[in-house]
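Participant: quick one: sequence plus predicted model below, questions after.
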Amino acid sequence: MKIAFVGKGGSGKSTLTSLFIRYIARCGKKEILAVDADINMNLAGLLGVTVPEHALLSRPDVSGALRTHLKGDNRRIECASKFLPTTPPGKGSNLIESADDRALAPYVVSVSESPSIKLLTVGTYDREGIGQTCYHSHLFTVENLLSHTVTNKRFSVVCDMVAGTDAFAYSMHLQFDAIVLIAEPTPESVEVCRLYCDLSREAGIEDLVWLVGNKIEDGDDLHYIRQGVGREPLTFVRSMPSLKKARQRGNPVDDSLLEASIADAMERIELHASEPALTFADRLRLLHRLHRKLNEKQWVKQAYGDVSDQIDPDFFLLKELVAV
C-alpha cells in the first residue's frame, strides 16, 4: 500500500497522516515508510522525532546517492544526474521493497517507541536557495524513490503530500494506490478539493482519490463539503480538542489519541487503499505517458537531451511478478 494525504494548507493533512501511521502501526503493520514531502516539514514533530539536516532528501549529495542506487544496472539511464521526476524503473533498476532497505538507512529516522515506523523527509529551502530554487526540484528525488518502490502486505508507504494541487506539477500524483483528499468545511478548502478532483479526472487517477472530511462538528459541515466538492466523503474526522491541547503542550501524536471514532475512520481509509483501482502496470503506463510529454519540453531537451529511451516497454510483466 502506497497512500498519500493531501489538501489545502491548514486542512489537517499532516495530522491525519500521523494518525493513520499510528493506526496501521498499532494494527501490526511490520514496516512503515513515512515520507514528509511538505515544504513545512511538520511530520517529524507530529511523530516525535528530529530529522538531522544531513538526512534531508533535498541535499545534492543525498539525492545523488539515492539516484545512483536506483539506477543500478539500468543501461537506459546514462547516469544519476539524468533522472527526471518521471524517469521510470526498468530492467536493471534497483527497487525499494522494504522500509529497512540498505540504501535508505543513512537517511531514515526511526520512531523510538514504534520501531516499525521509519521517516524520510524531503526538506525545505536552505539559506543559499532563497530566491534561486524551486521547491518542486526538491521533490524530484522522492518522486524517483516512489516510482521505484514496490510495497506488499508487510510494507506500506504513507506520504504527507505537498499542499493543494502542487502534486500535479510532475509525477507525484501518479505514485500512489490511494490519495486521501482532506476537506475541512471552509470555502477555501472546498475549492481546493473541487479543483483537485477536476485535475485528477484529467490525469486519469480519479478512482484513486478519496474525499475525507476533517474538523467536522455537525451534519451541516458534512453537507457543506458534499455540496461544495460534489462528492460523497468516504469518512470524516470530528474536531479534536484533545489533539489541539496535546500539540500545544508539545506532545506528539500517539496511540492515546486514536479514540474509537478516529480508529474507525482510519480503518475505512486503509481498506480502500489496500484495494487500489489501478494496478502497478496501470500507473506505470501513465508515468510513461507523462515522461514522453515531459521529454518534449524545451528545458528538458536543453538540460537532458532526448530521454524518451529511458522507458523500458518490457518492464510491466517483470514488475507485476515482483508485486505479487
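Facilitator: That came in fine, so what should we check first?

Participant: contacts for the one helix or strand Glu202 maps to, please.
Facilitator: Assigned by DSSP states H and E, Glu202 belongs to helix 187-203. Under the criterion C-beta atoms under 8 Å, 6 or more residues apart in numbering, residues 6-8, 11, 164-165, 168, 173-174, 179, 181-183, 206, 208-209, 211, 224-225, 228-231, 286 lie in contact with helix 187-203. All C-beta spots, glycine's among them, are computed from the backbone N, C-alpha and C.

Participant: which parts of it are buried?
Facilitator: Ser189, Val190, Val192, Cys193, Arg194, Tyr196, Cys197, Leu199, Ser200, Ala203 (16 or more other C-beta atoms under 10 Å).

Participant: again, but for stretch 26-44
Facilitator: Neighbour counts over stretch 26-44 (16+ other C-beta under 10 Å) mark 29, 31-39, 41-44 as buried.

Participant: likewise stretch 284-294?
Facilitator: Result for stretch 284-294 [16+ other C-beta under 10 Å]: buried residues Leu284, Arg285, Leu286, Leu287, His288, Leu290, His291, Leu294.

Participant: would TSV of these with secondary structure and distance to Asp306 be doable?
Facilitator: Converted to TSV, those look like this (DSSP: H, G, I helix; E, B strand; the rest coil; distance: C-beta to C-beta, whole Å):
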residue	secondary structure	distance to Asp306
Leu284	helix	20
Arg285	helix	20
Leu286	helix	21
Leu287	helix	18
His288	helix	15
Leu290	helix	16
His291	helix	12
Leu294	helix	12
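
Participant: out of the residues you listed, which one sits closest to Ser239?
Facilitator: Nearest to Ser239 among the buried residues of stretch 284-294 is Leu286, at 36.6 Å by C-beta to C-beta.

Participant: now the residue lying closest to Trp210 once chain neighbours are set aside: how far from Arg226?
Facilitator: Distances taken as C-beta to C-beta, 6 or more residues apart in numbering place Leu234 nearest to Trp210, at 4.4 Å, with adjacent residues excluded. For Leu234, the distance to Arg226 (C-beta to C-beta, to the nearest Å) stands at 12 Å.

Participant: just Leu286 next, same as before
Facilitator: In this view, Leu286 and Arg226 are 28 Å apart by C-beta to C-beta.

Participant: going along the chain, name the strands of this structure.
Facilitator: In the chain, the segments counted as strands under DSSP state E are 2-7, 31-36, 109-111, 114-121, 155-160, 178-183, 209-216, 235-238.

Participant: just list whatever residues bridge to the nearest residue to Leu16 once chain neighbours are set aside.
Facilitator: Distance criterion C-beta to C-beta, 6+ apart; nearest residue to Leu16, sequence neighbours excluded, is Phe5 at 5.5 Å. Assessed by DSSP bridges, Phe5 has beta-bridge partners Asp160, Val180.

Participant: Phe5 touches Asp160, doesn't it?
Facilitator: Yes. If you go by C-beta atoms under 8 Å, Phe5 and Asp160 touch, sitting 5.9 Å apart.

Participant: who touches both of those two?
Facilitator: With C-beta under 8 Å, 6+ apart as the test, Phe5 and Asp160 both reach Lys13, Ser14, Thr17.

Participant: could you measure from the last one over to Leu287?
Facilitator: The span separating Thr17 from Leu287 equals 23 Å under the rule C-beta to C-beta.

Participant: cool, the second one as well?
Facilitator: Taking C-beta to C-beta as the criterion, Ser14 is separated from Leu287 by 26 Å.

Participant: coming back round to it: now do the contacts for the residue nearest to Leu16.
Facilitator: Counting by C-beta under 8 Å, 6+ apart, Phe5 has contacts Lys13, Ser14, Leu16, Thr17, Phe20, Val158, Cys159, Asp160, Met161, Ile179, Val180, Ile182.

Participant: let's go with 10 Å and repeat that
Facilitator: Neighbouring residues of Phe5 by C-beta atoms under 10 Å, 6 or more residues apart in numbering: 11-21, 38, 43, 158-161, 176, 178-182, 212, 269.

Participant: appreciated, that's everything.
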